[in-house]
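Trainee: A predicted structure for the sequence below; I have some questions about it.
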Amino acid sequence: MKCLFPFLVLITVLHTHAQKHVTKTGTISFEGSVETFQPIKATNESTTVVLDNKGNLAALVLIKGFRFPVALMQEHFNENYMESDDFPNATLRGKFANYDTFVSDGSTQTLQFIGTLEMHGIKKELEIPIELTYTAAGYKLLAEFKLNPSDYNIDIPSIVSKKIADKITVVVKAVMTE
């Protein structure tokens, strides 16, 4: 029930008479690698993303859904860094500032997204450039941005701090359909 509640809130937030485009198979990957050390990266392929025809966007990712190439990294990520039992998901909610200029002609356009990312119990305002394309398959979304773990009270122990980048690169890909 704890994991279902944020999803219900996500759908309720966008519950207007607006047309919605949804995916439950969006992909979020991140990399926090530092040269000369083992790569620190993971991917989650079950992210829910909802876009309405007014430019409102919301996303929900279950933290335990991230998969690492090394099982021990995944365990440390969930138990020591993200504390996934206490903070099981991350949510992004907001709106494209210039959605009214978006043209559904198949071309890729970069729109400015302004919203709030809630992760690890902390809410932070974000502005992210997002590439959006409308095709026969639906809305295709691509975003790349950087996050600082300390902004979300994610503690990196000093013993491993030199092995993890100060800024984590996040890539989001989704194709949303009606």
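Mentor: Done, it's in.

Trainee: going forward, measure contacts between C-alpha atoms and count neighbours the same way
Mentor: Will do.

Trainee: let me see the mean pLDDT of stretch 22-35.
Mentor: Computed over stretch 22-35, the mean pLDDT rounds to 92.

Trainee: and it, what's buried?
Mentor: By neighbour count on 16 or more other Cα atoms under 10 Å, the buried set for stretch 22-35 is 22, 23, 24, 25, 26, 27, 28, 29, 30, 31, 32, 33.

Trainee: same list (the residues you listed) but as a markdown table, adding distance to residue 90.
Mentor: Compiled in a markdown table, those are given as follows (distance: Cα to Cα, whole Å):
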| residue | distance to residue 90 |
| --- | --- |
| 22 | 17 |
| 23 | 16 |
| 24 | 14 |
| 25 | 15 |
| 26 | 14 |
| 27 | 14 |
| 28 | 11 |
| 29 | 13 |
| 30 | 14 |
| 31 | 17 |
| 32 | 18 |
| 33 | 21 |
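
Trainee: which one of those residues is nearest to residue 97?
Mentor: Comparing the buried residues of stretch 22-35 against residue 97 with Cα to Cα places residue 22 closest, at 19.8 Å.

Trainee: just to revisit the earlier point, can you pick out the most distant pair from the buried residues of stretch 22-35?
Mentor: With distance counted by Cα to Cα, no two of those lie farther apart than 22 and 33, which are 31.4 Å apart.

Trainee: returning to that earlier point: helices - which of the buried residues of stretch 22-35 land there?
Mentor: Of the buried residues of stretch 22-35, none are assigned to helices by DSSP state H.

Trainee: out of those, name the ones that lie in strands.
Mentor: Mapping those onto strands (DSSP state E) picks out 22, 23, 24, 25, 26, 27, 28, 29, 30, 31.

Trainee: and the pLDDT for residue 70?
Mentor: Per-residue confidence for residue 70 comes out at a pLDDT of 90.

Trainee: now for it, how many residues are close by?
Mentor: Counted with other Cα atoms under 10 Å, the burial measure for residue 70 works out to 13 neighbours.

Trainee: any idea how far residue 61 is from it?
Mentor: To residue 61, residue 70 is 20 Å away according to Cα to Cα, to the nearest Å.

Trainee: cool, and residue 151?
Mentor: For residue 151, the distance to residue 61 equals 18 Å [Cα to Cα].

Trainee: who has more neighbours out of the two?
Mentor: Neighbours per residue, other Cα under 10 Å: of residue 151 and residue 61, the larger number sits with residue 61, 26 against 13.

Trainee: surely that one forms part of a strand?
Mentor: Yes. Residue 61 sits within a strand when classified using DSSP: H, G, I helix; E, B strand; the rest coil.
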